[in-house]
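[1] Need a 3D model of the sequence below.
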Amino acid sequence: MHLKTITAIAAGILAAGSAVAQDKVELIYSDTVQEGDVRTQILRSEFGECLGDGFDFQSYHGATLFKQGTELTAMQRGNLDMGNLAIFDFYNQVPSTKVMGAPFLFRDYEHMRAVWNSGMLDGLLAEIEEKANVKVLANPYIGTRHLGYKGDAKIMTPADLEGVKLRMPPGEGWQLVGRAMGATTVPVPFTEVYTALQTGAIDGQDNGFPATRAMKFDEVLNHIGKTAHLIANNQFTIAKSKWDSMNADQQAKVTECAKNFEAALDAVAVEEERMLEKDMVANGIVVYTPDLGAFAENVKTVYAAENQDADWPEGLYDAIQAAGK
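    Model (predicted):
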């Protein structure tokens, strides 16, 4: 065989290999949860591994790539492909999403999941895609949020929260939730909450049992009031530019794996809540149920006084509340 022929064959093989490499879809993901968190493990197994050889999924954790609250902007600017956002991240660009962050919107996990699976929110999701240029692929459950704090007494009503420095994530929507519950809110990034609790910069925080254990907040706090004010679920999101760059088969695979991630994380979060509550009680943390009616009423009063429901889609709040009754 002539040298020119061999060279041509080798060049063809290299070109084919290069084409295959170029066809692989790179997905860069950023999250605030820690590297060792079970949510990270589930993400990589149920989403990352599910994608297969046609994708290069790279996840960065502990807010090492982008700080909490900056992921949406990074996706819109083409600097990030994916993130697990909170509904509050969309407030400024898609004001109608504010209804989804209202405390006590959902009764429990089953109610939340039923509403999301019903198609009732399809219009809202389409609006997010149009105005924020990202696509919500799934909404994994991460645990019901409660009041966890250092103190000498049970916080039973909003009046008991007066003057209590409650950490809420950065962002106006999050601060509104804490304020409506009756607290003095302090914006602190997720990765800094442990130190803030330890030093007294804050008195409490409002994560659920899974996040409280994952971040070791239960080493510092001694009370958990089960307010269940937010049935927390994140919006597992991809930049619209990245989504549009994929073919139909690739989009279908990403959607399939996103739903795998949602189902797996839901199952783990529900089981962890049950087990961790018992474990924290056994470790001496006072876990109790406050006056939920008083908190819900205070939230309604604050939201009405500040006209916070002005951007809510007509009838959606009531429809959600009525679902499953």
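[2] Every contact and neighbour count from this point should use C-alpha atoms.
    Fine.
[3] So Gly119 versus Thr97, what's the distance?
    Gly119 sits 15 Å away from Thr97 when distances are taken as Cα to Cα, to the nearest Å.
[4] Comparing those two, which shows the higher neighbour count?
    Remark: of Gly119 and Thr97, Thr97 carries more neighbours, 23 against 11, as counted by other Cα atoms under 10 Å.
[5] shouldn't that one be in contact with Trp312?
    Yes: assessed by Cα atoms under 8 Å, Thr97 is found in contact with Trp312 at 7.1 Å.
[6] residues bridging contact with the two, i.e. touching both?
    Residues touching both Thr97 and Trp312 (Cα atoms under 8 Å, 6 or more residues apart in numbering): there are none.
[7] Excluding covalently adjacent residues, which one is nearest to Gln58?
    With Cα to Cα, 6 or more residues apart in numbering as the criterion, Gln58 has its nearest non-adjacent residue at 5.0 Å, and that residue is Ile28.
[8] hmm, I was thinking of Asp266
    Counting by Cα to Cα, 6+ apart, Asp266 lies nearest to Tyr141, which is 5.0 Å off, once chain neighbours are set aside.
[9] measure that neighbour to Glu130 for me?
    Taking Cα to Cα, one finds Tyr141 at 24 Å from Glu130.
[10] do Val268 as well
    Val268 is 32 Å from Glu130, by Cα to Cα.
[11] ok, these two, which is more surrounded?
    Neighbours per residue (other Cα under 10 Å) separate Val268 from Glu130, with Val268 holding more: 17 against 13.
[12] Just give the strands next to whichever strand in the chain runs longest in its sheet, each with its orientation.
    Counting by DSSP state E, the longest strand found in the chain is strand 223-233. Strand partners for strand 223-233, identified by DSSP bridges, are recorded as strand 141-149 (antiparallel), strand 286-288 (parallel).
[13] Adding mean pLDDT and mean neighbour count, write the ones you listed out as JSON lines.
    Shown next, in JSON lines, are the strands paired with strand 223-233 (pLDDT from 0 to 100; neighbours: other Cα atoms under 10 Å):
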{"stretch": "strand 141-149", "mean pLDDT": "97", "mean neighbour count": "25"}
{"stretch": "strand 286-288", "mean pLDDT": "98", "mean neighbour count": "16"}
